[in-house]
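Asker: sequence unknown, structure follows:
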């Protein structure tokens, strides 16, 4: 029984470490994320990633995004899942709350997008997802 308890404790610590290491993107990658506006309801962030730049492990509440400069982003989730986002200029849509992930510009151009994080979207009574394109 002792080995089982140790195994369960180790798994719990692993999960806590994986989620605990994910932080606010502005705190872990301030050099790439500029707060344009913040109030009690929303926080508007401009993310600028030059080719090869990477944001550390972070999370976002749900919100809306708009791409002002297109590019290619590799997104790696804490669980190991990998996605590629081919961001098109003028693209926008709803971004559902994301699991902890990193974001890296793997393209040849600087990628810039604006993210409007909806603070109330973190609550259990969060807004429902509108029928729009989502990020990977």
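Answerer: Everything's here; your move. Everything numeric here is computed off the predicted structure, so don't read it as measured data.
Asker: what distance separates the start and the end of stretch 40-57?
Answerer: 25 Å (Cα to Cα, to the nearest Å).
Asker: Touching it from outside, list them.
Answerer: Contacts with stretch 40-57, where a contact means Cβ atoms under 8 Å, 6 or more residues apart in numbering, come from 21-23, 25-26, 28-29, 32-38, 63, 71, 73, 78, 100-120. Using the backbone N, CA and C atoms, a C-beta is placed for each residue, glycine as well.
Asker: what distance separates that stretch from the middle of the whole chain?
Answerer: In terms of Cα atoms, centre = their mean, to the nearest Å, the centre of stretch 40-57 is set 8 Å apart from its chain centre.
Asker: quick one on the thing from earlier: just the ones of the contacts of stretch 40-57 in helices?
Answerer: 25, 26, 28 (DSSP state H).
Asker: The last one contacts residue 58, doesn't it?
Answerer: Yes: if you go by Cβ atoms under 8 Å, residue 28 and residue 58 touch, sitting 5.2 Å apart.
Asker: So these two - more neighbours on which side?
Answerer: Counted by other Cβ atoms under 10 Å, residue 28 and residue 58 do not tie: residue 58 has more neighbours, with 20 against 17.
Asker: Model confidence score at that one, please.
Answerer: With respect to pLDDT, residue 58 scores 94.
Asker: host element of it?
Answerer: Assigned by DSSP states H and E, residue 58 belongs to strand 54-60.
Asker: Show me which positions of that strand end up buried.
Answerer: 55, 57, 58, 59, 60 (16 or more other Cβ atoms under 10 Å).
Asker: Pipe these into CSV and attach distance to residue 84 per row.
Answerer: As requested, the buried residues of strand 54-60 are exported to CSV (distance: Cβ to Cβ, whole Å):
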residue, distance to residue 84
55, 15
57, 18
58, 18
59, 19
60, 18
